[in-house]
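S.K.: here you go, sequence then predicted model.
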Amino acid sequence: MSKLKLGKLDLSKNLITDAGFKLLGPGLAENISILQLILDQNSMKSYGCEAISNALCKNKTIKELSISANRINNEGIAMLG
């Protein structure tokens, strides 16, 4: 069976909270088919940024991340930077 190549995952406008990003993080860390991750217009704050940052440290295939129109403060931005 061949593996599915996703390429782009758009989870925009799903009202995903920090708790949801914490659950999503481990799956993103292990996925090798996503190249572009779009998380615009959710309810991401600092803890969500931390979960995504941890996932991106392990996942080297995601090359693009979009997080516009979330509730991210400077602490959250620092975690992603």
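M.R.: On my side now, so go ahead. Nothing here was measured: the structure is a model prediction, and the numbers come from that model. Numbers count the residues shown, from 1 in each chain.
S.K.: what residues does I16 make contact with?
M.R.: L24, L39, N42, S43, M44, G48 (CB atoms under 8 Å, 6 or more residues apart in numbering). For the C-beta atoms, the positions are set from N, CA and C on the backbone; glycine is no exception.
S.K.: now swap in M79 and tell me
M.R.: By CB under 8 Å, 6+ apart, M79 lies in contact with S46, C49, E50, S53.
S.K.: ok, so of those, who is nearest L35?
M.R.: Relative to L35, the closest of the contacts of M79 is S53; by CB to CB it sits at 18.0 Å.
S.K.: residues touching that closest one, list them.
M.R.: Neighbour list for S53: M79, L80 [criterion: CB under 8 Å, 6+ apart].
S.K.: look up how far F21 lies from it.
M.R.: As judged by CB to CB, to the nearest Å, S53 and F21 stand 10 Å apart.
S.K.: quick revisit: between the contacts of I16, which is nearest K58?
M.R.: Lowest distance from K58 to the contacts of I16 (CB to CB) belongs to L24, with 13.3 Å.
S.K.: what's the closest non-adjacent residue to the residue most central in space within the chain?
M.R.: Nearest to the mean C-alpha position of the chain, counting by CA atoms, centre = their mean, stands I52 at 4.5 Å. Nearest residue to I52 in three dimensions, chain neighbours excluded: F21, at 5.9 Å (CB to CB, 6 or more residues apart in numbering).
S.K.: what about that neighbour, which SS state?
M.R.: Assigned with DSSP: H, G, I helix; E, B strand; the rest coil, F21 falls in the helix class.
S.K.: coming back round to it: between the contacts of M79, identify the one with the most neighbours.
M.R.: The most neighbours of any of these, using other CB atoms under 10 Å, belong to C49, which has 23 neighbours.
S.K.: what residues are up against it?
M.R.: C49 neighbours (CB under 8 Å, 6+ apart): F21, I67, I72, E75, G76, I77, M79, L80.
S.K.: if we can go back for a sec, and the residue nearest to I52, what pLDDT?
M.R.: We have a pLDDT of 98 for F21.
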